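Engineer: What follows is a predicted protein model with its sequence.
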Amino acid sequence: MCGRFAFYSPAEATAALFGAHSAAELKPRFNVAPTQDVAAIRRNEAGEAQLTTLRWGLVPFWAKDPAIGNRMINARAETVAEKPSFRNAYHKRRCLVLADGFYEWHTHDGQKVPYFISLKNGKPFAFAGIWERWDDKEKGEKLETTAIITTAANDFMSQLHDRMPVVLEAGRTDAWLAGEDGALADAIATAPRFRAWPVDRKVNNARNEGNELIKAAGEVISA
């Protein structure tokens, strides 16, 4: 699964790396948690890729209560195309959620140890995501939300967890954003190489922020 991540690279430069336009200034984040806003890229009606922000935790358009999004932060690759909560967004509204790394908790000697996972080359990347728009009829407002797609862990990630987010590198995102049928399977099959290291348990508290959260507290492992 993916329940916490970091995005601290300059937003405008990262958006450009993924072929998107941005005039937004986003603060570096080292402990992004569910229900918070995330940096995302999606295509507008003209087909242009643009940087925006979406709330993490997908709220289906048919939901009666937006609180449903609190538990729909991830969509499983195996069922996203058919599951009622996600299938409409999967077929019509795909996006990229920008990140520099994500956290996973590995049980060691009876304790859950947080690890920070990033690309082996250290570059920013994107999670394959879907997004949805929910109309709040009482307030007359629109809520735009997203979920990150996860898949079975590859050989490297299986050292830490049995699931992992679907990760896309810059230059490999067009098929996903275009809604092509085989894009998800291709992204899973061509996952990039990762590195990981244990970090301080301060990351367990979503209120904690700062680059000290990703500082290595042990040996770095890599694919």
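Structural biologist: Yes, it's here.
Engineer: Could you list the low-pLDDT ranges of the protein?
Structural biologist: For the chain, applying pLDDT under 70 flags the ranges 1, 23.
Engineer: And the helices in it, which stretches?
Structural biologist: Secondary structure of the chain (DSSP state H): helices located at 11-17, 87-92, 174-177, 183-189.
Engineer: what about those helices, which gets the closest to residue 139?
Structural biologist: Comparison of the helices of the chain against residue 139 by Cβ to Cβ identifies helix 87-92 as nearest, at 22.1 Å. In short, each C-beta sits where N, CA and C put it, glycine included.
Engineer: Show me how far the closest one is from its chain's centre.
Structural biologist: Taking Cα atoms, centre = their mean, to the nearest Å, the mean C-alpha location of helix 87-92 is offset from the chain mean by 17 Å.
Engineer: Quick one: list the elements packing against that helix.
Structural biologist: strand 125-136 (3 or more Cβ pairs under 8 Å, 6 or more residues apart in numbering; DSSP states H and E).
Engineer: Can I get the strand it packs on in CSV? Just the C-alpha atoms.
Structural biologist: Extracted in CSV, the C-alpha atoms of strand 125-136 (Å, rounded to 0.1, in the frame of the first residue of the first chain):
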residue,chain,number,x,y,z
PHE,A,125,8.7,10.4,-10.0
ALA,A,126,4.9,10.0,-10.2
PHE,A,127,2.4,7.5,-8.7
ALA,A,128,-0.2,6.3,-11.2
GLY,A,129,-3.4,7.9,-9.9
ILE,A,130,-7.1,8.4,-10.7
TRP,A,131,-9.2,11.4,-9.7
GLU,A,132,-12.8,12.3,-9.2
ARG,A,133,-15.0,15.4,-8.7
TRP,A,134,-17.7,15.3,-6.1
ASP,A,135,-20.4,18.0,-5.9
ASP,A,136,-21.4,19.3,-2.5
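Engineer: Using neighbour counts, pick out the buried residues of that strand.
Structural biologist: Buried residues in strand 125-136, counted by 16 or more other Cβ atoms under 10 Å: 125, 126, 127, 128, 129, 130, 131, 132, 134.
Engineer: Also stretch 203-214?
Structural biologist: Judged by neighbour count using 16+ other Cβ under 10 Å, the buried positions of stretch 203-214 are 203, 209, 213, 214.
Engineer: what does stretch 29-37 give?
Structural biologist: Buried residues in stretch 29-37, defined by neighbour count with 16+ other Cβ under 10 Å: 29, 30, 31, 32, 33, 34, 37.
Engineer: where's the first one relative to residue 8, distance?
Structural biologist: Put plainly, it is residue 29. Per Cβ to Cβ, to the nearest Å, residue 29 is found 6 Å from residue 8.
Engineer: State the distance from the nearest residue to residue 182 once chain neighbours are set aside to residue 183.
Structural biologist: Excluding its sequence neighbours, the residue lying closest to residue 182 (Cβ to Cβ, 6 or more residues apart in numbering) is residue 175, at 7.4 Å. Residue 175 sits at a distance of 4 Å from residue 183 (criterion: Cβ to Cβ).
Engineer: ok, those two, which is more surrounded?
Structural biologist: Between residue 175 and residue 183, counted using other Cβ atoms under 10 Å, the more crowded position is residue 183 (20 against 16).
Engineer: How about the backbone phi and psi for the residue in the chain sticking out farthest from the centre?
Structural biologist: Ranked by distance from the centre of the chain (Cα atoms, centre = their mean), the top residue is residue 138, with 30.0 Å. Residue 138 has phi and psi values of phi -70, psi -40 when expressed as degrees, to the nearest 10.
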